[in-house]
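Asks: sequence plus predicted model, see below.
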Amino acid sequence: PGAKGDPGDPGKDGTNGTGCTIKESTALTATIACGSETFTMDLTGYTEQPEVCDANVSAEDCATLDSAISLSGVSQKGPFVTGTDITAYELQNGRSLKQTGKTFGGKIERADGTFDIKTVKLNSAFAYIVADGFYRNEVTGENSSAAIKLRALTNLKGRSSANINLVTHLEYDRVQYLVTRKDSSVTKAKMAAEKELFEAFGINNSGFEGLAEDLNVLKEGKGNAALLAISVLLQGDCNESELTALLAALSVDLGDNGQWDNVKQRAQIADWAMKADLEGRLATVRANVEGWKLAESAAPAFEQHVTNFWMQELGADECTSDNEGTLFATKNTHSSFYAANDSVYTDGDSSLVRLICVASGDSFAWRFATDFEKDVAALGAADDGAVRRGSVDNANVYVMEDGWRRGTE
């Protein structure tokens, strides 16, 4: 061997590392960026392996899978677009709902939002599934301009399909509360949470088939119609940031007691629904959904649920032959259409908008009253020959001749 060489020069200090920042966080996860690298940290706590069930945990809560599974479904607000990432997280059991650290994923492969997660082996049957991507907006008919996240909690025992939608997303906090705080099973918690959620929108779900993860806005059926109605109501004219904030607030609101306690939020959504309904925009929504040509059937019958919601929130009576020709103003003080009286205009009214009940074919329906109809209702009775100036449109003069008519100066 050769002679030992001289020692090398000392090394120089390396450059400073890149700091890390939290880019996004929820109650469940935090996305951390370190330079060009990002990773997601679970905030719920997890164990490497599911715990062995004891006498205090029911057989359902400890459901295990006998073999590897393939999980499929559809992810919808409207349908998420092709290529959207779907990630499923194995949960410890149906009691703690903590993540085990095992994840598996797939992508949406078809335009109707269908995803397929390849065969995986899980110890627990309970999974938390997240869709993160762009979606078709049923109100505008266009793809969203930003991504949103929707989630679902499901028991995979006996099922190979689980859909992700607004109901699975909104029920999650309530289900977790009932399971971890009130000692409920996952199935019972989901049934209770879904009943409460639908009731918050004035919908009775007693005749619906399956659970939330069985619903699909592209198929006919009672439950699917209710899902589409809720999707339309919450979308409104919101952009993606506003929608995400609304869903987060509503999830938390429902979480502790199953009640939608934010009366201002409900009134704002009802205002949008009333205006959209009376302006004919619900027909546009139906045309958008059916125009995507992603289903063989017509869009589910969501319209009546939207109508019922705004009538319930704004206090409108049913329009029938008994009240034909009468005017209505919402008495909900949180509404932007609030007015103290149906036909008299007073200080403090938020709006001069009034509805009138009119015949519509063989039925009756509310529509926006014209200024003439509002003025005449406000004028009331008078002797023939009386002259009054309009209270809605002061430029109009009315003369009583077997009823009010427009007069001239």
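Replies: Done, it's in.
Asks: find the helix or strand that D116 is a member of.
Replies: Secondary structure from DSSP states H and E places D116 in strand 114-120.
Asks: packing partners of that strand?
Replies: The contact analysis (3 or more Cβ pairs under 8 Å, 6 or more residues apart in numbering; DSSP states H and E) places strand 114-120 against strand 69-74, strand 85-91, strand 99-108. For every residue, glycine as well, the C-beta is placed using N, CA and C.
Asks: among those, which is nearest G258?
Replies: strand 85-91 (21.9 Å; Cβ to Cβ).
Asks: now do that closest one: everything it contacts.
Replies: Here strand 85-91 makes contact (Cβ atoms under 8 Å, 6 or more residues apart in numbering) with 42, 50, 71, 75, 97-108, 115, 117, 122-124, 126-133, 153, 164.
Asks: how far off centre is the strand holding D116?
Replies: Centre-to-centre, strand 114-120 and its host chain are 25 Å apart (Cα atoms, centre = their mean, to the nearest Å).
Asks: contacts for it, please.
Replies: By Cβ under 8 Å, 6+ apart, the list of residues contacting strand 114-120 reads 68-75, 84, 86, 88, 104-109, 131.
Asks: about what we covered before: okay, the helices and strands packed on strand 114-120 in CSV with distance to K12, mean neighbour count and mean pLDDT next?
Replies: Output for those, formatted as CSV (distance: least, Cβ to Cβ, whole Å; neighbours: other Cβ atoms under 10 Å; pLDDT from 0 to 100):
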stretch, distance to K12, mean neighbour count, mean pLDDT
strand 69-74, 52, 21, 90
strand 85-91, 42, 22, 95
strand 99-108, 40, 18, 92
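Asks: closest to K222 out of the ones you listed?
Replies: strand 69-74 (18.0 Å).
Asks: for that closest one, name the packing helices and strands.
Replies: strand 114-120, strand 126-133.
Asks: so which of those strands is the most packed in?
Replies: Comparing those by mean neighbour count (mean count of other Cβ atoms under 10 Å), strand 126-133 comes out on top with a mean of 24.
Asks: can you list the strands that that one pairs with?
Replies: strand 85-91 (antiparallel), strand 148-155 (antiparallel) (DSSP bridges).
Asks: how about low-confidence regions in the chain?
Replies: Low-confidence segments of the chain (pLDDT under 70): 1, 14-18, 23-59.
Asks: in its sheet, what does the strand holding D116 sit against?
Replies: strand 69-74 (antiparallel), strand 99-108 (antiparallel).
Asks: list of residues touching the first one?
Replies: Residues lying outside strand 69-74 but in contact with it, judged by Cβ under 8 Å, 6+ apart, are 88, 106, 112-120, 122, 127, 129, 156, 160-164, 213, 216, 218.
Asks: the strands in the stretch 251-400 of the chain, which residues?
Replies: 327-328, 355-360, 363-368, 387-389, 397-400 (DSSP state E, counting those that start in this stretch).
Asks: which of these has the highest mean neighbour count?
Replies: By mean count of other Cβ under 10 Å, those have strand 327-328 as the most buried, with a mean of 22.
Asks: run through the neighbouring helices and strands of it.
Replies: Using 3+ Cβ pairs under 8 Å, 6+ apart, strand 327-328 sits against strand 355-360, helix 371-379.
Asks: for it, what is the distance to the chain centroid?
Replies: 30 Å.
Asks: reformat the strands of the stretch 251-400 of the chain as TSV; add distance to G19.
Replies: Conversion of the strands of the stretch 251-400 of the chain to TSV gives the following (distance: least, Cβ to Cβ, whole Å):
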stretch	distance to G19
strand 327-328	59
strand 355-360	58
strand 363-368	57
strand 387-389	70
strand 397-400	73
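Asks: any idea which of the ones you listed gets closest to T21?
Replies: The nearest among the strands of the stretch 251-400 of the chain, by Cβ to Cβ, is strand 363-368 at 50.1 Å.
Asks: got the angle for that closest one vs helix 371-379?
Replies: Relative orientation of strand 363-368 and helix 371-379, computed by axes from the mean of the first three to the mean of the last three Cα atoms, to 10 degrees: 90 degrees.
Asks: orientation of strand 363-368 relative to strand 355-360 in degrees?
Replies: If you take the same axes, to 10 degrees, strand 363-368 sits at 140 degrees to strand 355-360.
Asks: given strand 363-368, what are its sheet partners and their directions?
Replies: Here, using DSSP bridges, strand 363-368 pairs with strand 355-360 (antiparallel).
Asks: which other residues reach the partner strand?
Replies: Contacts for strand 355-360 (Cβ under 8 Å, 6+ apart): 278, 316, 319-320, 323-329, 364-369, 373.
Asks: try it again at 10 Å.
Replies: 274, 278, 314, 316-330, 337, 342, 364-370, 373-374, 377 (Cβ atoms under 10 Å, 6 or more residues apart in numbering).
Asks: drop anything exposed from those.
Replies: Burial by neighbour count, judged by 16 or more other Cβ atoms under 10 Å, picks out 274, 278, 314, 316, 319, 326-330, 337, 342, 364, 366, 369, 373-374, 377 from these.
Asks: okay, the strands paired with strand 114-120 in JSON lines with distance to E194 next?
Replies: As requested, these are exported to JSON lines (distance: least, Cβ to Cβ, whole Å):
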{"stretch": "strand 69-74", "distance to E194": "17"}
{"stretch": "strand 99-108", "distance to E194": "23"}
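Asks: among these, which comes closest to K195?
Replies: Checked against Cβ to Cβ, the stretch from those lying closest is strand 69-74, at 22.3 Å.
Asks: how close does the spatially closest residue to I269 that is not a sequence neighbour sit to E171?
Replies: Distances taken as Cβ to Cβ, 6 or more residues apart in numbering put L233 closest to I269, at 5.5 Å, once the chain neighbours are dropped. Remark: distance between L233 and E171 (Cβ to Cβ, to the nearest Å) = 16 Å.
Asks: neighbour count for those two, which is higher?
Replies: E171 (31 against 22; other Cβ atoms under 10 Å).
Asks: quick check: the more buried one touching L153?
Replies: Yes - checked against Cβ atoms under 10 Å, the pair E171 and L153 is within contact range at 7.9 Å.
Asks: C-alpha coordinates for whichever helix or strand A226 is part of, CSV please?
Replies: A226 is part of helix 222-235 when elements are defined by DSSP H and E. C-alpha atoms of helix 222-235 as CSV (Å, rounded to 0.1, in the frame of the first residue of the first chain):
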residue,chain,number,x,y,z
LYS,A,222,-86.1,10.5,-2.5
GLY,A,223,-82.7,10.6,-0.7
ASN,A,224,-80.9,11.7,-3.9
ALA,A,225,-83.4,14.5,-4.4
ALA,A,226,-82.8,15.7,-0.8
LEU,A,227,-79.0,15.6,-1.3
LEU,A,228,-79.2,17.6,-4.5
ALA,A,229,-81.5,20.2,-2.8
ILE,A,230,-79.0,20.6,0.1
SER,A,231,-76.2,20.9,-2.4
VAL,A,232,-78.0,23.6,-4.3
LEU,A,233,-79.0,25.5,-1.2
LEU,A,234,-75.5,25.6,0.2
GLN,A,235,-73.9,26.4,-3.1
